[in-house]
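*Asks:* dropping a prediction and its sequence here:
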Amino acid sequence: MSLTDIPRRPLPMASHVSGKRSAMTCELKCANACLGPECNTSSNEHFRSIASTVFSRRAVLGLGAAAAVAVVVGAGRGVPTSSPQASGVAGSGASFGRPARGSLPFDAIAPVPAEVDAFTVPAGYTWNPLIRWGDPLFSRTPAFDVDAQTPEAQAEQFGYNSDYLDIIADRSGKTGVLVNNHEYVNPNIMFPSTSDAAELQRRGEIYKAAQGLSIVDIRRRRTGQPWSYVVDGKRNRRITVETVFELTGPAAGSDLVKTAADPEGRWVHGTLGNCAGGTTPWGTVLSGEENFNGYFAWAADTPQQKRYSGSSTTLTSTGWETYDPRFNAHDPEYVNEPNRFGYIVEIDPQDPTSTPRKHTAMGRFKHEGANVRVAEDGRVVAYMGDDERNDYLYKFVSKNRISGSRKKNLRLLSEGDLYVAKFSGDSPVAEITGTGALPSDGAFDGSGRWIPLTKGGRSVVPGFSTEEVLVYTRLAADAVGATKMDRPEDVEPSPVTGKVYVALTNNSNRKTVDETNPVAGNRYGHVLEITETAGQSGTTFGWSILLLCGDPNTFENAYFAGFPKDKVSPISCPDNLAFDSEGELWISTDGQPGTIGYGDGLFKVPLNGAERGHVQQFLSVPRDAETCGPVIHDKDGLVFVAVQHPGEDGTFEAPRSLFPDYGSTAPGDVATAPRPSVVQVHRA
Ligand code: FEO
Ligand code: CA
Ligand code: CA
Ligand code: CA
């Protein structure tokens, strides 16, 4: 079959259908993952069927009621609000229980209607963009000019659609480095519409340069102040779809990853779909290659390809495959090119000359991100989600222990074992407390096991070679009976307790298996709390539901760790997780406009004491945007987020957002189109 025989997926009309996700996001970001058939057609058990059993049991036992009683006193200071309504873009004034304490005190903002094009913060705080799409990283780089954009300029400018973010301060606290993923692009709002083929190809090269990552030096006069980015910073670097990556681990060099351009199977051009991530204890940044499938025209004529390609068998929306053969997986010379994406990549932001790496030992799937914690035995453990309806939760345990040698630590993620989670709701707590690791705050809702896919770096899955486990990880996990989950996004261990939090964003395809199950159909998502019961690197755990998201005014089964529902901020579609210095959880959302009618935002969720489960909204992002990459530097009084796809349902000619340069007349500002940006929130 030639490329000309294959129908091209048309770009959707720009529209936002109430109650559904933006068609533009579905097409451009996820290649319509939720519209096509499920990738996972295995018969593995749905987590929902387990959760339903547990929730039924907990209701009978009255455990939820006991938790609610415990928080009545703490919740009493606020004015009860049985129906929290949005009130324009006012920074506060709503009453969602007592104000959030700690070194970043605030009164929760009222939820902001999805149509509002504003960045909203609590009373007493203000915000500014730290860096925007198109801002030049070098003095030689052309200033951002949407009418004169080139691939060369974009390759030295800040990229588009920011997701994972970290702000890594140097020892002085006055200098540091910003690292940010750029997940995808929105051609419909970046440039004027055109049908000129040559111009479309030229823009395709701009889009390649606008994706990947940005690494940018930052500085400030005094600690505790907001940051500025540094033009010509010594660490400034762009990583794009053309940057060379090294494959590491057991699948590097295997036949499954060889192409005509890389007969050794060890060097890959570029990274795709970089979504969430994590910063390692040794100072590198991990980035998840998530929706890579949408960039390839696939044959999808094998079970292995079908399990990964989703609906991406037609020509892509980027059109890269029409002139760059490596994106045409129908070409026998490049049939393995998609096998070279879908990994966790590791980048050293301190060394702009370093070669970034893709770690095959950590498996290949739609990696949302990875977050590392050092286990009691010194090995490092990375927690990872596969963001697809009914896909799985994984963890990687390194072979070697962390050491004082940064050079050795840079190799930790190249060797180790991969596990996938199997949950059980019918196992009494007694079965999993034999290790003496019962937490002090009560019983679990159920237990679980990490099932090994590799041991000693070699496959333990019958019928799968080691290379097959690591390149076709989803099929290996199918074979061992992993539990189907509701789109695992960020999976992050608390730096204080080691408990692991799992954002399960939603699952439009979840079958209802229990009529009393409060999350049947799961439009709003939920958050799990996992407690490792045999140490961080062990293979048994207990789990509990922390949140069943939703607007409690309209979703009666919403659950907030037992906290009174009339005193919480409505929240839907949890995506990214972060912790503050006190170990409290912060959650950013992706999908509130289409599910509860409010703009996406950032929420604080206390985990401890009487405030446990008291969800309070800290900020709301502009129209059509999602909130990404939260970084909570509460001791500095600073909160950072990445604002992704503001105004995505508009067009260049008719923008729906002018974020972040609203009304600005500063030189270089472009207030005629939205610009995805990193925002810092600080005291007014
Ligand atoms: Fe790119 Fe799973 O979010
Ligand atoms: Ca995400
Ligand atoms: Ca995170
Ligand atoms: Ca997202």
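*Replies:* Yep, it's here. Ligands and ions are numbered 1, 2, ... in the order given.
*Asks:* quick check: chain neighbours aside, which residue is closest to Phe341?
*Replies:* Once flanking residues are discounted, Phe341 sits nearest to Phe292: 3.8 Å by CB to CB, 6 or more residues apart in numbering. C-betas here are computed from N, CA, C, even on glycine.
*Asks:* no wait, Tyr308
*Replies:* For Tyr308, the closest residue by CB to CB, 6+ apart turns out to be Asn293, at 5.8 Å.
*Asks:* contact partners for the one you found?
*Replies:* Ala31, Tyr308, Ser309, Gly310, Ser312, Pro338, Gly342, Lys366 (CB atoms under 8 Å, 6 or more residues apart in numbering).
*Asks:* for the stretch 151-300 of the chain, what lies in contact range of ligand 1?
*Replies:* Counting by CB under 6 Å from any ligand atom, the stretch 151-300 of the chain comes close to ligand 1 at Glu183, Cys275, Glu290.
*Asks:* what's the answer for the chain, then?
*Replies:* Glu183, Cys275, Glu290, Glu368, Asp387, Glu489.
*Asks:* repeat the analysis, applying 8 Å as the threshold.
*Replies:* 29-30, 163, 183, 273, 275-276, 288, 290-291, 366, 368, 385, 387, 487, 489, 505, 575, 590 (CB under 8 Å from any ligand atom).
*Asks:* a helix runs through Tyr524, doesn't it?
*Replies:* No - the assignment for Tyr524, made by DSSP: H, G, I helix; E, B strand; the rest coil, is coil rather than a helix.
*Asks:* centre-most residue in the chain?
*Replies:* For the chain, the residue nearest the mean C-alpha position is Ala276 (3.5 Å; CA atoms, centre = their mean).
*Asks:* let me know the secondary structure of the closest residue in space to that one that isn't next to it in sequence.
*Replies:* Closest residue to Ala276 apart from its sequence neighbours, by CB to CB, 6+ apart: Gly369 at 3.1 Å. Using three-state DSSP, the secondary structure recorded for Gly369 is coil.
*Asks:* can you give me the strands in the stretch 101-250 of the chain?
*Replies:* For the stretch 101-250 of the chain, the strands defined by DSSP state E, counting those that start in this stretch occupy 125-132, 162-169, 175-182, 212-219, 228-229, 237-239, 244-248.
*Asks:* gap between Ser95 and Gly124?
*Replies:* 16 Å (CB to CB, to the nearest Å).
*Asks:* neighbour count: the two, which is higher?
*Replies:* Ser95 (18 against 12; other CB atoms under 10 Å).
*Asks:* show residues contacting stretch 253-260.
*Replies:* 247, 251, 264-266, 268, 326, 333-334, 336-337, 339-340, 360, 467-468, 471.
*Asks:* just the ones in helices from the residues you listed, please.
*Replies:* The helices, defined by DSSP state H, take in Glu467, Glu468, Val471 from the contacts of stretch 253-260.
*Asks:* does the last one really touch Ala252, like I thought?
*Replies:* It stands for Val471. No - counting by CB atoms under 8 Å, no contact exists between Val471 and Ala252, whose distance comes to 10.5 Å.
*Asks:* what's the overlap in contacts for the two?
*Replies:* Thr360.
*Asks:* compare those two (neighbour count), which wins?
*Replies:* Val471 (27 against 22).
*Asks:* so what's the residue count around the closest residue to ligand 2 within the stretch 1-150 of the chain?
*Replies:* Closest to ligand 2 within the stretch 1-150 of the chain is Lys29: 9.5 Å, counting by CB to the ion. Lys29: 27 surrounding residues under other CB under 10 Å.
*Asks:* could you pull out the strands for the stretch 301-450 of the chain?
*Replies:* Under DSSP E, counting those that start in this stretch, the stretch 301-450 of the chain gives strands at 344-347, 357-359, 371-374, 379-385, 389-391, 393-401, 416-424, 446-452.
*Asks:* next to ligand 2, which bits of this structure? Give me the list.
*Replies:* Counting by CB under 5 Å from the ion, the positions of the chain adjacent to ligand 2 are Cys275, Glu489, Asp575.
*Asks:* 8 Å instead, please
*Replies:* Selection of the chain residues close to ligand 2 by CB under 8 Å from the ion yields 163, 275-276, 290, 368-369, 387, 489-490, 505, 575-576, 590, 628.
*Asks:* so where's the protein uncertain?
*Replies:* 1-21, 35-39, 44-94, 311-314, 425-442, 512-520, 663-671 (pLDDT under 70).
*Asks:* residue contacts, the closest residue to ligand 4 within it?
*Replies:* At 3.6 Å from ligand 4, Asp590 is the closest residue in the chain, using CB to the ion. Counting by CB under 8 Å, 6+ apart, Asp590 touches Glu489, Thr505, Cys573, Asp575, Asn576, Asp600, Glu626, Thr627, Cys628.
*Asks:* in TSV: those, plus neighbour count and secondary structure.
*Replies:* Output for the contacts of Asp590, formatted as TSV (neighbours: other CB atoms under 10 Å; DSSP: H, G, I helix; E, B strand; the rest coil):
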residue	neighbour count	secondary structure
Glu489	29	strand
Thr505	27	coil
Cys573	29	coil
Asp575	28	strand
Asn576	30	strand
Asp600	28	coil
Glu626	30	strand
Thr627	26	strand
Cys628	30	strand
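*Asks:* let me know the closest of those residues to Ser447.
*Replies:* Glu489 (23.0 Å; CB to CB).
*Asks:* pretty sure the closest one sits against Tyr501.
*Replies:* No - counting by CB under 8 Å, Tyr501 is not a contact partner of Glu489; they are 10.6 Å apart.
*Asks:* ok so, going back, shouldn't the residue of the stretch 1-150 of the chain closest to ligand 2 be in contact with His182?
*Replies:* No - contact criterion CB under 8 Å: Lys29 and His182 do not qualify, at 11.9 Å.
*Asks:* in helices, which of the contacts of Asn293 fall?
*Replies:* Tyr308, Ser309.
*Asks:* just the buried ones from the contacts of Asn293?
*Replies:* Ala31, Tyr308, Ser309, Gly310, Ser312, Pro338, Gly342, Lys366 (16 or more other CB atoms under 10 Å).
*Asks:* ok, those vs ligand 2, which is closest?
*Replies:* Lys366 (10.2 Å).
*Asks:* relative to ligand 3, how far out is the closest one?
*Replies:* To ligand 3, Lys366 is 17 Å away according to CB to the ion, to the nearest Å.
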